[in-house]
Structures are given as structure tokens and as C-alpha cells.
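Q: What follows is a predicted structure for the sequence shown.
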Amino acid sequence: MTTRTPGNSRKRQRRDRGPDKWLEAAVRTLIEDGIDAVRVDQLAAKLRITRGSFYHHFKDRDDLLRAVLEHYVRVQQQRFVDMLPSLCGSPKDMLWTLWSATATQEFRDYDWAVRMWGIRNPRVAEALRAIDEKRMEVLIGLFMELGFNQDEAWIRAALAYHGSLGDRAFFGAFPPMEKRLLWRRIALELLTRPT
């Protein structure tokens, strides 16, 4: 029979490392292995801490998945929508800043993993729809500032947005950053050119 001593409790607390470690591990697992792999026992093994620690921070797996989705939404807003007040320059410059901010491997993989999750989960699909609508609204506004009418602006925004999301489906091995940015720069030149 093991008795609890203050020393054992302190060791356990040091190893626990709080809810952020569980969330980080869940996000990493989602990205690398998909939503089905985000399981308490697997995360505990990766973190080398007990499952009991998990239940100290989260009610159940669904509570953790809710936190993962909230994290994704927060990251996406910071990456795109929250950048808007700090943008400067011409509408084309602003489009470039927004588009290049989403060119990283990390952004691409996280976004793709959540979109795959959203195919099976209506709550996730709804969060993605809201993010996509807000981003499209911003892009359409910037294309309209460039002088395109609403329909043309929508088409150009859709091509830009779907192109940036779709590269994950077309490229098995993600091209180096220089090539990604060159692809986006050329696409932006074509999309902002008057017809």
C-alpha cells in the first residue's frame, strides 16, 4: 500500500504541467495522426503523465476536443482577422500580407487536420464555415477596393482563398517556402490584374 506524502504530491504536480501541455499534445496529435488518435490514454503516454492528471484539467475527451477547436479558432483569428487593424499600404499590399501569413507549413497542416475533422463533426464544420465567411468578406472587400465590382471581387477572392487552402490537397511534399511565396505572388499578380 502506497501512502501519499507531501514529497510525492509535489513530484506529481511538477510532472503534470497543466492543461496547456494536454492541449499542445492534442493539437500535435490531431495534425500528425488525425482526430481519432486524440485519445486520453495515448496523450498521457506521450506526455509521460497519468490519465488522472487529464481529469484534473478536463471533464472528458469531448471537453478537450472543445478546447482544441477553440484553440484553432483563436489561432485562425490571430493569423488573419486580428491582423487587419495593423495592415497598411495599398489593398494589394494588404492582400499580400494576409496571403503570405498563411503560407507556413504549420498553418497548412493545422488547417488541413481541422478541415478533415470538420467533415465528420458538425460543430467543427460550423466553426470552419464562420472562419471562411469572415476571411472571404475581408478578401472581397480588398478586391473591391482595387476597383472590382462585387461579383468580380467574389470570384477573385474565392480563387485566392481556395487556392491557398487547396495546395495541401495537391502537393504531397510541401514545396519550400520560397516556392510557396512565389506561387502566391504570381497568383496575386494575376488576380489583381484588371480584365
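A: Done, it's in. Numbers count the residues shown, from 1 in each chain.
Q: How are the helices of this structure distributed by residue range?
A: 6-16, 18-33, 40-47, 51-57, 61-79, 91-100, 105-118, 122-145, 150-170, 177-192 (DSSP state H).
Q: how about the third one: buried residues?
A: Pointing back at helix 40-47 there. Val40, Leu43, Ala44, Leu47 (16 or more other CB atoms under 10 Å). (Each C-beta comes from the backbone N, C-alpha and C, glycine too.)
Q: which stretch in the helices of the chain has the least confidence?
A: Per-stretch mean pLDDT for those is lowest at helix 6-16 (a mean of 48).
Q: before we move on, the earlier item: could you single out the nearest of the buried residues of helix 40-47 to Arg115?
A: Leu43 (21.8 Å; CB to CB).
Q: Contacts only, for the nearest residue to the closest one once chain neighbours are set aside.
A: Excluding the flanking residues, the one nearest Leu43 by CB to CB, 6 or more residues apart in numbering is Ala25, at 4.8 Å. Going by CB atoms under 8 Å, 6 or more residues apart in numbering, Ala25 touches Leu43, Lys46, Leu47.
Q: Who are the contact partners of Leu142?
A: Here Leu142 is in contact with Pro91, Met94, Leu95, Leu98, Ala157 (criterion: CB under 8 Å, 6+ apart).
Q: if we go to 6 Å?
A: Contact analysis of Leu142 by CB atoms under 6 Å, 6 or more residues apart in numbering lists Pro91, Met94, Leu95.
Q: I'd like the domain boundaries of this structure, if you could list them.
A: Each domain of the chain is listed here as a residue range: 1-58, 70-192, per automatic domain parsing.
Q: Including distance to Leu64, could these go into CSV?
A: Shown next, in CSV, are those (distance: least, CB to CB, whole Å):
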stretch, distance to Leu64
domain 1-58, 5
domain 70-192, 10
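Q: so Leu191 sits right up against Ile155, yeah?
A: No: between Leu191 and Ile155 there is no contact under CB atoms under 6 Å: 9.2 Å.
Q: Now do the residue nearest to Asn121 when sequence neighbours are not counted: how many residues are near it, please.
A: In space, and not counting its chain neighbours, Asn121 is closest to Ile35: 7.7 Å by CB to CB, 6+ apart. For Ile35, the count of nearby residues is 20 (other CB atoms under 10 Å).
Q: got it, and Val27?
A: With other CB under 10 Å as criterion, Val27 counts 19.
Q: Check the one 10 residues further on too.
A: Neighbour count for Ala37, taken as other CB under 10 Å: 12.
Q: I'd like the distance between it and Glu24.
A: 15 Å (CB to CB, to the nearest Å).
Q: Need phi/psi at Phe58.
A: The phi and psi values for Phe58, taken as degrees, to the nearest 10, are phi -130, psi 150.
Q: quick one: contacts for Ala26?
A: Ala26 makes contact with Val38, Leu64, Val68, according to CB under 6 Å, 6+ apart.
Q: could you list every residue that touches the first one?
A: Val38 makes contact with Ala26, Thr29, Leu30, according to CB under 6 Å, 6+ apart.
Q: cool, the last one as well?
A: Neighbour list for Val68: Ala26, Val27 [criterion: CB under 6 Å, 6+ apart].
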